[in-house]
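Visitor: need a 3D model of the following:
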Amino acid sequence: MDGSGGVLANLILFIVVCLAPTVLFWCALRVPKLVAWIRSRRAEPQPDGPPIERVAADLRRVHRLLAGYPSGTPAARRIGTRQAYDELLTVACRQVGVPHRLGELPEGMDREIERLRVEQSLRERGLAVP
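Guide: Numbers count the residues shown, from 1 in each chain. Have a look, this model is predicted:
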């Protein structure tokens with residue numbers, strides 16, 4: 001009995017001595033990934049776009065541009081500014097959670113009405129737009 005028990009104990013000791021460094025190095029290589037994963041789980045979610053304050057300020061600025069164009073302003077400038085305003089409205093809607101159809105409607109009366117509806121919805125949600 002002493003002979004077989006000693007061989008088994010020596011075999012287990014041999015396996016531990018051979019595998020321990022490998023397992024320790026494997027764990028050491030995984031520690032940075034584990035720490036990064038834990039930090040990412042603890043980190044607060046970052047917003048997708050720019051801060052809503054900046055979007056609101058840009059909306060007011062571009063709206064002032066649109067309203068202040070004199071009668072001789074080229075159509076390309078008016079259209080470009082209107083498209084920029086629509087894009088800012090889209091960003092604000094996405095951040096505040098207002099449904100919109102600005103991307104679907106063609107230029108014209110329907111889009112103007114949608115623009116007014118979106119502006120009112122944003123005002124109701126607390127965003128100060130003109």
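Visitor: center of the chain, which residue is that?
Guide: The residue lying closest to the centre of the chain (Cα atoms, centre = their mean) is residue 48, at 2.3 Å.
Visitor: test my guess that that one contacts residue 55.
Guide: No. Residue 48 is beyond contact range of residue 55, at 11.6 Å (criterion: Cβ atoms under 8 Å). Bear in mind the C-beta positions are built from the backbone N, C-alpha and C, glycine included.
Visitor: where in the chain is pLDDT low?
Guide: 1-5, 47 (pLDDT under 70).
Visitor: just the residues contacting stretch 73-84, thanks.
Guide: Residues from elsewhere that reach stretch 73-84 (Cβ atoms under 8 Å, 6 or more residues apart in numbering): 62, 65, 66, 69, 107.
Visitor: typed the wrong thing, it's stretch 31-38
Guide: With Cβ under 8 Å, 6+ apart, stretch 31-38 has no contacts at all.
Visitor: just the buried residues of that stretch, please?
Guide: Buried residues in stretch 31-38, defined by neighbour count with 16 or more other Cβ atoms under 10 Å: none.
Visitor: which SSE is residue 59 in?
Guide: Per DSSP states H and E, residue 59 falls inside helix 52-68.
Visitor: show me what the helix or strand where residue 111 lies is packed against.
Guide: Counting by DSSP H and E, the element that carries residue 111 is helix 109-124. If contacts are counted by 3 or more Cβ pairs under 8 Å, 6 or more residues apart in numbering; DSSP states H and E, helix 109-124 sits against helix 75-96.
Visitor: buried set for the helix it packs on?
Guide: Within helix 75-96, the residues that qualify as buried are 81, 82, 85, 86, 88, 89, 91, 92, 93, 95, 96, counting by 16+ other Cβ under 10 Å.
Visitor: please name the nearest non-neighbouring residue to the last one.
Guide: Think residue 96. residue 125 (4.8 Å; Cβ to Cβ, 6 or more residues apart in numbering).
Visitor: I am finished for the moment; much appreciated.
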